[in-house]
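J.: Could you look at this predicted model? Sequence included:
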2 protein chains.
Amino acid sequence: MPDPSAPPTALPTVLVLDADPLPRLGRLTGRARIEHTDASSLADRLPHADVLLVWDFASRAVRSAWPGGGRRPRWVHTASAGVDHLLCPELAASDTVVTNARGIFDQPIAEYVAALVLAMAKDLPRSLDLQRERTWRHRASQRVAGTRACVVGSGPIGRAVARTLRALDVRTAVVGRTAHTGIHGPEELDRLVSRADWVIAAAPLTEVTRSMFDARRFAMMQPSARFVNVGRGALVVEEALAEALTKRWIAGAAVDTFETEPLGRDSPLWELPGLIVSPHMSGDVVGWRDELSTQFVELYERWAAGRALVNVVDKQRGYVPGR
Amino acid sequence: MPDPSAPPTALPTVLVLDADPLPRLGRLTGRARIEHTDASSLADRLPHADVLLVWDFASRAVRSAWPGGGRRPRWVHTASAGVDHLLCPELAASDTVVTNARGIFDQPIAEYVAALVLAMAKDLPRSLDLQRERTWRHRASQRVAGTRACVVGSGPIGRAVARTLRALDVRTAVVGRTAHTGIHGPEELDRLVSRADWVIAAAPLTEVTRSMFDARRFAMMQPSARFVNVGRGALVVEEALAEALTKRWIAGAAVDTFETEPLGRDSPLWELPGLIVSPHMSGDVVGWRDELSTQFVELYERWAAGRALVNVVDKQRGYVPGR
């Protein structure tokens, strides 16, 4: 077993927190000792790992296992864009490098947002309801070209969403944590949200963004506005979204992420008027797991060669900063 | 009453074949005598009209009323892109000029096609079904970027569809009646259809295009292909589409137009596996009727001033030729 406080003299141990299906790490054969763990054994296994691959991106096991005693991996990679499910204070304060799957999800999520925006504009859920009732009822639908979107989140996902919406001639503003060229700062958020036809949440979950879509923000949106969340569930105060939809403060919403996932059968969200619920799938296109595997293997090759890692998370901020 | 065989010396009579809501022709007050008719009186009224505005684009009354005796309007305008519902042989052989609503529907229909393509790629109908069952079931969906589309129809609608699909990074070929720069000729249709992920019907209904999507064409499509019809219902042999979906020759379809509209309650199309049915609404966005009114008023002003009309239909071919 290598001494994790020094460069490994033997094969580095890559511990994989996984669930079906397993990552494809065949390219690492002979270059790493690959071990697998589930959540219940994670705390026991952490002291013996050089690298932790959080393949089961839905698990919050790292948050609970990490604070325990013993040595810790020097590098943690998560097969997800968000890192909120693993960034406990002890990991944030440690020397361990955290990387994420930046880049993999950008275009799929952008397409997913376009799908939701267009489906709502064209009243597609209602057409499907009417089809089930065998009822022919013509309606005028909405043009998306010329409408206004406000994308909250200026990372690669938010920027990809903006590019795709602009390709559909939607006038799109992006709001980030700080103003940059082409990115609005948070001081403009309320103004942009209040005049948007489409408000798209694509921000990481941090202490700054948690609950940012609360009753006050929904109340300032236009009655014709629609809200889309492809970020993290806890960006939204779900009770406030429920109130906004029930009281028609906004015209509709589509939510792909939730505070608690999977969403329980008894959740009132399933049946809110004008809400499209999907099961946290916006970024997951056919082949996505292979892309995630390949990304990790490429990062591993950098790491093993002593080269700088990319996609390094700023553990204080809770995301990969910069472009 | 003006003599329709000579330039009108009195106010020209514009006869409007309409249904609710009426067109907004207020700008023509004092410049035309506006009269309204329904289908049952059309034959009696035609001899007294200088201009016929076919506002009720769903009506086939012109086809039956036109062949009767008496004078005929010198100009017929239809508030639709398609002209198949009015082009009877007698009208086609006459000196009467026919114009259509070219331009009004291009972008809305392009957006509608994008909505359908993205909804099918992202499995949105299934998500809505699962939502109704309160069931959380993650699936990998499809990336549209990099897929191939074949748009059949090279008029302004087909070209707008192609522009929008290309904006989503779909590799899109357009097939027209004759090859041009950027437009494939009919000799390439089978090759392009057989390798497309998305086959989009956006052609006018003519004797050339009628029933072009028959069992042979559906059988040559990829099993993963999806078919979208925003053209005319009779482009498709509906029984062949039913067979293609039922036997899984293709993966899905979305149809907005039908041989008989409205689609009857007892039609098997409502419940075909993988078929999205919508009620001929792809081009109809909020404000569309006002746009159609404005377009007619502008054409009328040209006509009354003795200037050449635009959007003039080639009555032999059945559409407005050229770009």
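T.: Good, I have the coordinates.
J.: Mind listing residues that contact stretch A:215-229?
T.: With contact meaning C-beta atoms under 8 Å, 6 or more residues apart in numbering or on different chains, stretch A:215-229 is reached by A:113, A:116-117, A:120, A:190, A:193-201, A:213, A:235-237, A:240-241, A:243-244, A:248-257. To be clear about C-beta, it is placed using only N, CA and C from the backbone, and glycine gets the same treatment.
J.: Buried only: go through those residues for me.
T.: A:113, A:116-117, A:120, A:193, A:196-201, A:213, A:235-237, A:240-241, A:244, A:249-257 (16 or more other C-beta atoms under 10 Å in any protein chain shown).
J.: What about chain B: which of those residues touch it?
T.: Subset of these in contact with chain B: A:L116, counting by C-beta under 8 Å from any C-beta of the partner chain.
J.: mind listing which of the buried ones among the contacts of stretch A:215-229 are in helices?
T.: Using DSSP state H, the members of those that fall in helices are A:V113, A:L116, A:V117, A:M120, A:V193, A:A240, A:L241, A:A244.
J.: So which residues of chain A form strands?
T.: Under the criterion DSSP state E, chain A contains strands at A:13-17, A:33-37, A:51-54, A:75-78, A:97-99, A:148-152, A:171-175, A:198-201, A:226-229, A:252-255, A:275-277.
J.: Save those as a markdown table, and put in distance to B:L130 and mean pLDDT too.
T.: Shown next, in a markdown table, are the strands of chain A (distance: least, C-beta to C-beta, whole Å; pLDDT from 0 to 100):
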| stretch | distance to B:L130 | mean pLDDT |
| --- | --- | --- |
| strand A:13-17 | 27 | 97 |
| strand A:33-37 | 30 | 97 |
| strand A:51-54 | 27 | 98 |
| strand A:75-78 | 27 | 98 |
| strand A:97-99 | 33 | 98 |
| strand A:148-152 | 27 | 98 |
| strand A:171-175 | 30 | 98 |
| strand A:198-201 | 22 | 98 |
| strand A:226-229 | 18 | 98 |
| strand A:252-255 | 14 | 98 |
| strand A:275-277 | 8 | 98 |
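J.: Figure out which of those strands is closest to B:T172.
T.: B:T172 lies closest, by C-beta to C-beta, to one member of the strands of chain A: strand A:171-175, at 22.9 Å.
J.: what sits up against that closest one?
T.: Applying C-beta under 8 Å, 6+ apart, the external contacts of strand A:171-175 come out as A:146-154, A:158-159, A:162, A:165-166, A:182-186, A:188-189, A:192, A:196.
J.: if we go to 10 Å?
T.: Residues from elsewhere that reach strand A:171-175 (C-beta atoms under 10 Å, 6 or more residues apart in numbering or on different chains): A:145-155, A:158-159, A:161-166, A:180, A:182-193, A:195-200, A:202-203.
J.: so where's chain A shaky on pLDDT?
T.: Scanning chain A for pLDDT under 70 picks out the ranges A:1-9, A:323.
J.: Domain boundaries for it, per the record?
T.: A:13-104+A:286-304, A:106-277 (automatic domain parsing).
J.: Please identify the most buried of those domains.
T.: Among the domains of chain A, ranked by average contacts under mean count of other C-beta atoms under 10 Å in any protein chain shown, first place goes to domain A:106-277 (a mean of 20).
J.: Quick one: distance of it to the chain centre.
T.: Centre-to-centre, domain A:106-277 and its host chain are 14 Å apart (C-alpha atoms, centre = their mean, to the nearest Å).
J.: ends of it, how far apart?
T.: One end of domain A:106-277 sits 20 Å from the other (C-alpha to C-alpha, to the nearest Å).
J.: follow-up on the earlier one: quick check, nearest of the ones in helices among the buried ones among the contacts of stretch A:215-229 to A:T37?
T.: Proximity of these to A:T37 (C-beta to C-beta) peaks at A:V113, which lies at 34.6 Å.
J.: for that closest one, what are its contacts?
T.: Taking C-beta under 10 Å, 6+ apart, one finds A:149, A:151, A:157-158, A:160-162, A:164-165, A:198, A:200-202, A:228-230, A:254, A:256, A:282, B:118, B:122 in contact with A:V113.
J.: For it, which non-adjacent residue is closest in space?
T.: Spatial nearest neighbour of A:V113, excluding adjacent residues (C-beta to C-beta, 6 or more residues apart in numbering or on different chains): A:V161 at 4.9 Å.
J.: So what sits opposite A:G252 in the bridge?
T.: Partner residues in beta bridges with A:G252, using DSSP bridges, are A:R226.
J.: hang on, the earlier thing: and of the strands of chain A, who's closest to A:D44?
T.: Of the strands of chain A, nearest to A:D44 by C-beta to C-beta is strand A:33-37, at 8.2 Å.
J.: Parallel or antiparallel, list what pairs with the closest one.
T.: strand A:13-17 (parallel).
J.: Export only the CA atoms of the strand it pairs with, formatted as CSV.
T.: The C-alpha trace of strand A:13-17 is given here as CSV (Å, rounded to 0.1, in the frame of the first residue of the first chain):
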residue,chain,number,x,y,z
THR,A,13,-4.7,3.3,-5.5
VAL,A,14,-7.8,4.7,-7.1
LEU,A,15,-10.8,4.2,-4.9
VAL,A,16,-14.1,4.3,-6.8
LEU,A,17,-17.3,5.2,-5.0
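J.: unless I'm mixing things up, A:R210 is touching A:V237, no?
T.: Yes. Counting by C-beta atoms under 10 Å, A:R210 touches A:V237, with 9.4 Å between them.
J.: tell me which parts of the stretch 151-300 of chain A are close to chain B?
T.: Applying C-beta under 10 Å from any C-beta of the partner chain, we find that the stretch 151-300 of chain A lies next to chain B at A:163-164, A:166-169, A:254, A:256, A:258, A:261-267, A:269-271, A:275-289.
J.: The same query, at a cut-off of 6 Å, please.
T.: Selection of the stretch 151-300 of chain A residues close to chain B by C-beta under 6 Å from any C-beta of the partner chain yields A:A167, A:P262, A:L263, A:R265, A:W270, A:V277, A:S278, A:P279, A:M281, A:D284, A:V285, A:V286.
J.: would TSV of those residues with distance to B:Y300 be doable?
T.: Formatted as TSV, these follow (distance: C-beta to C-beta, whole Å):
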residue	distance to B:Y300
A:A167	36
A:P262	60
A:L263	56
A:R265	60
A:W270	52
A:V277	49
A:S278	49
A:P279	54
A:M281	52
A:D284	54
A:V285	51
A:V286	53
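J.: Mind checking which of those residues land in helices?
T.: Per DSSP H, these map to helices at A:A167.
J.: before we move on, the earlier item: can you list the ones in helices among the buried ones among the contacts of stretch A:215-229 in TSV and add distance to B:R31?
T.: Shown next, in TSV, are these (distance: C-beta to C-beta, whole Å):
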residue	distance to B:R31
A:V113	48
A:L116	46
A:V117	42
A:M120	41
A:V193	47
A:A240	55
A:L241	53
A:A244	49
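J.: OK, contacts around A:W136?
T.: B:P262, B:L263, B:P279 (C-beta atoms under 6 Å, 6 or more residues apart in numbering or on different chains).
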